[in-house]
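Visitor: give the three-dimensional model of this entry:
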Amino acid sequence: MLVLDRHARGKLIAVVLTAVLSAACSSQRAVGANVPAGATGAAGIGPESQAQSQPGAVSEPAANAAPGGNSAQTPVQTQAPVQKQAPVAAGSAAMSAAAGAPAKDASAPPAANGCKTFDSSFAAIQKVIFEGHGCTADTCHGSAQSGGLDLRPDMAYEHLLNAKSTSSKLARVQPGTATDSFMYQKLAAATNPGMVKTMGSPMPVGSAPLSANELEAVRIWIMQSAPKTGNVADQVTGKSVGSLLDACVPAARPIKATPLEAPAPDAGIQFVLPGYLLKSGTEQEQCIPFAYDFTDKVPATYKDVSRNVMFVNGSRVLQDPSSHHMVVWNPSKALSTVPSSGWTCVGGTRDRQPCTGSAVDCGSDSVCAGPATPGTLCDFDTQALASNTADPLETLKALGTLLAMGLPAQVANTQSPQEYVPPFEGGVYWELPLKGVLWFNSHAFNLTTEDTHLDARMNFYFAKEQKRQMVPVNVIKNEVPDGLAPFTKKTFCSTTVIPQNNSIAMMTGHTHKHGQHFWAKDAAGKQIYESFVYNDPIYEHFEPWLEFTAPDEASRTLEFCAEFNNGVKPDGTPDVQLVTRKSRMPPPNATCTPVACTKGKIGQKCSTHGDCDSAAGAKDGECDACPITTGLTTENEMFVLMPWLVLPPK
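Guide: Residues are numbered from 1 along each chain as shown. The predicted structure is shown next:
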């Protein structure tokens, strides 16, 4: 009998998927889409979560530049009773959620009294940060309204949310992406000099920079859609704004973002993605197939019916902030593949009513969708394939099927709750199917004690000109950091070759929580990309584009690197919250083999809990720390460079 341990199975899957990705690239090249070897070509566009805008970034606020006149999106949250709140160690809530049990509420009362009481996270930020650091002084953002910004209590929220700054193309606060928010950039530039590039002087001026906890409180608030009421917490670590600011605030509750407004009919189209129930204290990654037909909704100028494609340039994705990331795949399936039963409308007035491939129109605010599959791809239980319990022969059979069909092309992705890709100049366009079946891969957390429903929508804007096709590419090197020992950190690098006569218009990178610094360099050693926040990465726009015309591959080779930290604090001591933990792997399929102690003799090698006891028979030890493993959950790791290629003119 063929027996593979998890590590060997992971390596096998990595090798086979690399072959699948190469096959997908070959398929792209066959239709003129030249992509780097070993990378995934995508017939659509849209990023998967780390975004710090730097000079040259063109990300626009939701209320302003998006074609079709999208209005500002305002988060909605119901109020909860005020509770006293103790700081929560990073990952404690995540551990409970990953174990399948209700997560510990990040707003649990502290053992002692004495914290200040606020009715919301924003009220705490207003008092502790804006007023506490002198930002509301008359000569600053008080009556003088420096830079047009008024941070006094009655005006601050309206002057921040989706409000365009006077010295940047960014919004002051862009809900869902902290590092595309100009205010966050200014604050982070003072707290972490050199990590964030921004226009003008770091803030606050004339006062001490925000502490690391204060800056993290602002980041979490923005990433969770910047609500005016209620308390919010990080969906991975469980850290809340109240705990970081030592404040008494309402218990954290799920947040719903105001649905994204659809473009005007002559400006673009909107996909309503199939939403789903996200139970309290859980982490979910699943794939939901859905069907659509936009043939009669796309003007003739922007489609080729004979090829079943429409031409777009620019996109916006908005989802509820419980999301870690989402990807929409194109498996090249026709409507005729939708079964005659088992699919239903999701949302709208026809919610849960049957739909078929010949009747996919479920009305407004709804979509025709099929059953969910665990993992990243529909039709394949990718979580089970990577588990210890999967039959190796079944794994090989499924991977063989994947090889035969090729990895589906990517239509859109985002690594944060919202992402705006502005239209590119130069007649750039990309192609989407006019009709067919797509796959919605969603990875989300709910560390609150209440169930919620995760919803998402994506807009695409029609390409006014169609001169040069754009293809986003995933250069996947997930196996590179695999096996990094617990309580160690190391920089890993890889390379990719850009096809001749291609250009790069935009770039981002992707890791999970152990990836603390990501960068890329060109063949001359010049740094062209850098990002520090794994779940809100930079989307670097290049103006002008990076050109790759040289005939020799060496001149077209990019090196990309990331520092992976598997549990080391800044002072060099073990970090039991950051290290990969078996107890935090979501069951039933994600797992790892512990080799180091997380309690008792912390950091020591082990194979059983008893090995970690502080003294013989103490029973206070825990053997739970693992090497980094390749996988789909946040406790696992990924290592991906994502350049957006502009192909040679036709």
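
Visitor: report how many residues lie close to Ser340.
Guide: Other residues near Ser340 come to 9 when the count uses other Cβ atoms under 10 Å. C-beta coordinates here come from the backbone N, C-alpha and C atoms, glycine included.

Visitor: look up the closest residue to it, ignoring the ones flanking it.
Guide: Nearest non-adjacent residue to Ser340, counting by Cβ to Cβ, 6 or more residues apart in numbering: Thr356, 5.8 Å away.

Visitor: which residues does the one you found form beta bridges with?
Guide: Note on Thr356: beta-bridge partners Ala359, judged by DSSP bridges.

Visitor: and for Asp293?
Guide: According to DSSP bridges, beta-bridge pairing links Asp293 with Lys435.

Visitor: returning to what we had before: distance check, the residue nearest to Ser340 against Cys493.
Guide: From Thr356 across to Cys493, the span is 50 Å (Cβ to Cβ, to the nearest Å).

Visitor: what of Phe548?
Guide: Distance of Phe548 to Cys493, given as Cβ to Cβ: 19 Å.

Visitor: more crowded one of the two?
Guide: More neighbours surround Phe548 than the other of Phe548 and Cys493, with 22 against 14 (other Cβ under 10 Å).

Visitor: separation between the most centrally placed residue in the chain and Gly621?
Guide: Centroid-nearest residue in the chain, with Cα atoms, centre = their mean: Gln415, separated by 1.8 Å. Using Cβ to Cβ, Gln415 is found at 37 Å from Gly621.

Visitor: what do you get for Thr495?
Guide: For Thr495 relative to Gly621 (Cβ to Cβ), the value is 42 Å.

Visitor: pick out whichever of those two has more residues nearby.
Guide: Gly621 (22 against 17).

Visitor: which parts of stretch 592-601 are buried?
Guide: Residues 592, 594-598, 600-601 are the ones in stretch 592-601 that count as buried (16 or more other Cβ atoms under 10 Å).

Visitor: turn the residues you listed into CSV, columns for secondary structure.
Guide: Formatted as CSV, the buried residues of stretch 592-601 follow (DSSP: H, G, I helix; E, B strand; the rest coil):
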residue, secondary structure
Cys592, coil
Pro594, coil
Val595, coil
Ala596, strand
Cys597, strand
Thr598, strand
Gly600, coil
Lys601, coil
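
Visitor: of these, closest to Phe290?
Guide: Set against Phe290, the nearest of these by Cβ to Cβ is Cys592 (33.1 Å).

Visitor: so what's that closest one closest to, chain neighbours aside?
Guide: Counting by Cβ to Cβ, 6+ apart, Cys626 is the residue found nearest to Cys592 once chain neighbours are left out, at 3.6 Å.

Visitor: show the contacting residues for the one you found.
Guide: Listed by Cβ atoms under 8 Å, 6 or more residues apart in numbering, the contact set of Cys626 reads 486, 579-582, 592-596.

Visitor: could you pull out the strands for the stretch 251-400 of the chain?
Guide: Taking DSSP state E, counting those that start in this stretch to define them, one finds strands in the stretch 251-400 of the chain at 256-257, 268-278, 282-293, 303-304, 309-319, 323-333, 344-346, 367-369, 373-374.

Visitor: got the angle for the second one vs strand 309-319?
Guide: Going back to what we said before, that points to strand 268-278. Orientation note: strand 268-278 sits at an angle of 40 degrees relative to strand 309-319 (axes from the mean of the first three to the mean of the last three Cα atoms, to 10 degrees).

Visitor: okay, angle between strand 268-278 and strand 323-333 too, please.
Guide: With the same axes, to 10 degrees applied, the angle from strand 268-278 to strand 323-333 works out at 120 degrees.

Visitor: what is strand 268-278 packed up against?
Guide: strand 282-293, strand 309-319, strand 323-333, strand 367-369, strand 435-446, strand 452-462 (3 or more Cβ pairs under 8 Å, 6 or more residues apart in numbering; DSSP states H and E).

Visitor: domains in the protein, by residue range?
Guide: Domain assignment for the chain by automatic domain parsing gives 6-67+258-529+636-646, 75-257.

Visitor: reformat the ones you listed as JSON lines; add mean pLDDT and distance to Asn565.
Guide: Below are the domains of the chain laid out as JSON lines (pLDDT from 0 to 100; distance: least, Cβ to Cβ, whole Å):
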{"stretch": "domain 6-67+258-529+636-646", "mean pLDDT": "80", "distance to Asn565": "4"}
{"stretch": "domain 75-257", "mean pLDDT": "77", "distance to Asn565": "13"}
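
Visitor: can you add distance to Asp552 and give the ones you listed back as a markdown table?
Guide: Output for those, formatted as a markdown table (distance: least, Cβ to Cβ, whole Å):
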| stretch | distance to Asp552 |
| --- | --- |
| domain 6-67+258-529+636-646 | 9 |
| domain 75-257 | 32 |
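
Visitor: out of those domains, nearest to Thr630?
Guide: domain 6-67+258-529+636-646 (4.5 Å).

Visitor: chain center to that closest one, what's the gap?
Guide: Relative to the centre of its chain, domain 6-67+258-529+636-646 is centred 11 Å away, using Cα atoms, centre = their mean, to the nearest Å.

Visitor: now stretch 617-630
Guide: How far stretch 617-630 lies from its chain's middle: 29 Å, per Cα atoms, centre = their mean.

Visitor: could I get the buried residue list for that stretch?
Guide: Buried residues in stretch 617-630, counted by 16+ other Cβ under 10 Å: 621-630.

Visitor: how close does the residue nearest to Cys287 when sequence neighbours are not counted get to Gly230?
Guide: Using Cβ to Cβ, 6+ apart and skipping the chain neighbours, the partner closest in space to Cys287 is Cys378 (4.1 Å). Using Cβ to Cβ, Cys378 is found at 34 Å from Gly230.

Visitor: got it, and Ala267?
Guide: In terms of Cβ to Cβ, Ala267 sits 34 Å off from Gly230.

Visitor: those two: who's more crowded?
Guide: Between Ala267 and Gly230, Gly230 has the larger neighbour count (other Cβ under 10 Å), namely 24 against 19.
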